[in-house]
Every structure is written in C-alpha cells, then in structure tokens.
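*Asks:* could you look at this predicted model? Sequence included:
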Amino acid sequence: MANKSKLGGKSKPRKLRPAQSQPKQPGQQHKMLPEPVSILPEMRGSGKLEGRVALVTGGDSGIGRATALAFAREGADLAIVYLEETVDAEETKRGVENEGRRCLLIKGDVGKEKFCATAVEKCVKTFGRLDVLMNNAAEQHSQSKLEDITEKQLEATFRTNIYAMFFLTKAALPHLRKSDWASVINTTSVTAYRGSAHLVDYAATKGAIVSFTRSLSQALAQDNIRVNAVAPGPIWTPLIPATFPKEKVAEFGSDVPLGRAGQPWEAATCFVFLASRDGAYVTGQVLHPNGGEIVNG
C-alpha cells in the first residue's frame, strides 16, 4: 500500500496534488488543481430517471455537480441551487444541457427557510413537478479547539448542513407526494461515524443527518417516498482547499485504504442508485463511498 513503509509501519502521507488553498467557502471548482472529475465519458445512461425532475443543492460543484450530470445522463431535468459560485454553476448548467436535459439555476442561501420554499416553487413552476430532492449543500470550518468554535460559526454550520434539509424537505413534500416515484437523498459524511477532532460542529451536523434520514424514512414510508443518505469519505471537492491548510490539501485522502481521495463521480453513482428504481426496496439506509474506511451503521 502507498501509505506503508518498507518495515510495515505507516509512513507520512504522500502528496497527491499541488498544495493549494482558496480564501473562503464553499470554494470554486474551476480554480482547483487538478479539477475534480465530475463524470466519465464512457459512463452510459439507460433512462433510469427519464422524465424525472431533481432539485440538487450545492449543485454548482463537487458531488452536487457530479450527481446533477449523472442524473441528466439518466434522463432527468435539474434545478441547481447554489450560494454564489456563478461561474461553476453555469458550467454545471452547460453540462446538463449537453446531456440534452433542461437546467434551472437558483442562487441563494439554503440556511433561510423562505429561500428554500422559493427554490422549490421555482423548480415546480419551471418543470411542473418534483421527483427527487438531493439535500447536499454543506459547509465546514476546521478548528483546533472546541473553544474556538464561536456561536456564529456553530449556527452557520447547523443552518447550512441540517436546518436546510428540514426547510427544503418541508417545502418539497406536497410535490413529492404527487410523484409516482419520489426520493429524498441526503449527503452526510464518514465523519458522522468516526468523528473528527478538527471538525466537531460539522461532524455533529452529519450525525444529525443520519438520524434525520432514518426518522424521515419511517415518517414518509406511508407516502411511498423513499429517504436515504450517502456518507462520502475524502472526496476531492472545492470544500477541501477552502477549508484546510495547503499541506493538508496536498495529501488529502492518502490515509484511507485505497490510498487516494475519491472523485465526485465516484460518489454520484450512489445517488443515481438511490434515486432510481434500482433502489426500489431501499429506504432509511446510508451508502458509504469512502475508499475503504470501516464504519458501523
């Protein structure tokens, strides 16, 4: 393995990419070196989401963009919600349209309930329906000590990462109930299972998302709305250079069994499975594209 020395012990994590950083979250994909891989040319769609409409938060880049493109390749139209990264969002829109599907960009803060209701309204007004809600937008702030997590940071992290899921799902429910094939998919994280000393508030929100997913799946089963989650490990997204020091970014992902960070497309395939009829009998579950980390739950 790449992270083992000749004597069998662990060596220092190897550098996998240029050291780099970005000034603020959520980061910009077009400035990353190398740029993340959102979709592979050889990936072929088979109409698994033909005629469906999906709303994806944080869809301008990273896992959100990769999933949006994968959904489009499977036949879905997309509403992409993003905070402020217009260059990246426009690139996602071009990618969706290159797949022959329609794409609506909606700019705003998912931490605000009024905006979330408006976003769902715009989606349904444009496409006439909503079948898949992907709650994906997130933020994280690395702090060395618990005492450094301010009230402002704590509220911001919880608003973006978990409040938004409540807001968006509440707004989407009347429309999802009208769909003959509805699905809610939440992005949690491996940190929900193993914790993170430097991302305590972020990990706490991701644990909350797991419980939210399991509880909501039971509450909505009678409506035939499936609710699941995906818990990625280290995936190469703009959030990484916008969060960690340059040297940590260079070696990001090198400590998992597969020895590298995952690409966004490698997580997107999980969302396609859960959104499509392939996952017909799956609800209240979490998939783990994490490079081989062993987790419980």
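*Replies:* Received, thanks.
*Asks:* which positions in the biggest helix by length in the chain come out as buried?
*Replies:* Secondary structure assigned by DSSP state H gives helix 200-220 as the longest helix of the chain. The neighbour-count check on helix 200-220 (16 or more other CB atoms under 10 Å) flags 200-210, 212-214, 216-217, 220 as buried. (C-beta placed from N, C-alpha, C; glycine too.)
*Asks:* helices and strands around that helix, which ones?
*Replies:* In terms of contacts (3 or more CB pairs under 8 Å, 6 or more residues apart in numbering; DSSP states H and E), helix 200-220 is packed against helix 151-158, helix 164-176, strand 182-187, helix 191-194, strand 225-230.
*Asks:* quick one: mean pLDDT for that helix?
*Replies:* Averaged across helix 200-220, the pLDDT comes to 98.
*Asks:* next one: stretch 95-108
*Replies:* Rounded mean pLDDT across stretch 95-108 is 98.
*Asks:* contacts for that stretch, please.
*Replies:* With CB atoms under 8 Å, 6 or more residues apart in numbering as the test, stretch 95-108 has contacts from 38-39, 45, 65, 68-69, 72-73, 75-84, 86, 89-90, 92-93, 115, 118-119, 122-123, 126-127.
*Asks:* quick one: buried ones out of those?
*Replies:* Of the contacts of stretch 95-108, these count as buried by 16+ other CB under 10 Å: 38-39, 45, 65, 68-69, 72-73, 75-83, 89-90, 92-93, 115, 119, 122-123, 127.
*Asks:* which of the contacts of stretch 95-108 fall in helices?
*Replies:* 65, 68-69, 72-73, 86, 89-90, 92-93, 115, 118-119, 122-123, 126-127.
*Asks:* in contact with A138, which residues?
*Replies:* With CB under 8 Å, 6+ apart, A138 has these contacts: 26, 58, 160-161, 187, 202, 205, 239.
*Asks:* ok, so of the residues you listed, who is nearest R277?
*Replies:* Of all these, R277 sits closest to T187, with 21.3 Å by CB to CB.
*Asks:* what helix or strand is G253 located in?
*Replies:* G253 belongs to no helix or strand when elements are defined using DSSP states H and E.
*Asks:* could you find the closest non-adjacent residue to it?
*Replies:* A261 (2.7 Å; CB to CB, 6 or more residues apart in numbering).
*Asks:* the one you found and W236 touch, don't they?
*Replies:* Yes: A261 is within contact range of W236, at 4.5 Å (criterion: CB atoms under 8 Å).
*Asks:* my guess is I185 contacts A229. True?
*Replies:* Yes: I185 is within contact range of A229, at 6.7 Å (criterion: CB under 8 Å).
*Asks:* quick one: secondary structure of the residue nearest to G292 when sequence neighbours are not counted?
*Replies:* Residue nearest to G292 in three dimensions, not counting chain neighbours: P257, with 3.1 Å by CB to CB, 6+ apart. Secondary structure state of P257, per DSSP: H, G, I helix; E, B strand; the rest coil, is coil.
*Asks:* poorly predicted segments of this protein, please.
*Replies:* For the chain, the stretches with pLDDT under 70 are 1-14, 239, 297.
*Asks:* give me the most central residue, it.
*Replies:* By CA atoms, centre = their mean, the chain has its centre lying nearest to N136, at 3.8 Å.
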